[in-house]
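> give me a model of this one.
(one chain, ligands or ions: 1)
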Amino acid sequence: MTEPVAIPKFVADHMLGSLARWLRMMGYDTVYDKDLDDGEIAKLARGESRFILTRDKELAKEPGALLLEHEDLDSQLKAVGTKFGLRYNDNQIRCSACNGELQDLPKDQAKESVPEGALNNNDRFWKCSKCGKVYWKGTHWRGIMERFQRLSLV
Ligand SMILES: [Zn+2]
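Numbering: from 1, shown residues only. This next block holds a predicted model:
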């Protein structure tokens, strides 16, 4: 038995844009802003209780930071997933573009922003509460889930 712990939140350094997008799709709150410098990342991490994900040995000295030794996305995802015990969470998927929370978008309201094919083939839609981007689990979603499964993150 392990004690329940708070869901980890992250801030990724400027080298880790892809990793940040994938963590958001997994359901984890991940700040990524390539304009943040190391000092700003460290400050944000402390202020918002976020773990730092970094490729930079200096920044990795911050408390709670994880140094990612690998350049490829699979290894990075696996390293973060193993370290923090992450699991894909269908109810917590966040906007891969901006990290905003997704809200259910009724199908009749999705009509305006979704191509007809997607509208016909899907019943559930989501809208980002921050940037307004509309999501559905199209054909590309299978590939996303395959990656999570391959890495034992589901
Ligand atoms: Zn968004």
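> what about stretch 21-31 and the ion, touching?
No - against the ion, stretch 21-31 shows no contacts by CB under 5 Å from the ion, the least distance being 9.1 Å. All C-beta atoms are positioned from the backbone trio N, CA, C, and that covers glycine.
> now that stretch: mean pLDDT?
For stretch 21-31, mean pLDDT rounds to 98.
> Leu77: which element?
Assessed by DSSP states H and E, Leu77 sits inside helix 73-84.
> please give the element, helix or strand, for the residue nearest to the spatial centre of the chain.
Nearest to the mean C-alpha position of the chain, counting by CA atoms, centre = their mean, stands Arg24 at 1.4 Å. Using DSSP H and E, Arg24 maps to helix 17-26.
> just how off-centre is whichever helix or strand comes after that helix within its chain?
Later in the chain than helix 17-26, the nearest helix or strand by DSSP H and E is strand 30-32. Offset of strand 30-32 from its chain centre (CA atoms, centre = their mean, to the nearest Å): 8 Å.
> correct me, but the residue nearest to the centre of the chain touches Tyr88?
No - applying CB atoms under 8 Å as the test, Arg24 and Tyr88 come out as separate, 11.5 Å apart.
> what ranges of this protein fall below the confidence cut-off?
Scanning the chain for pLDDT under 70 picks out 1-5.
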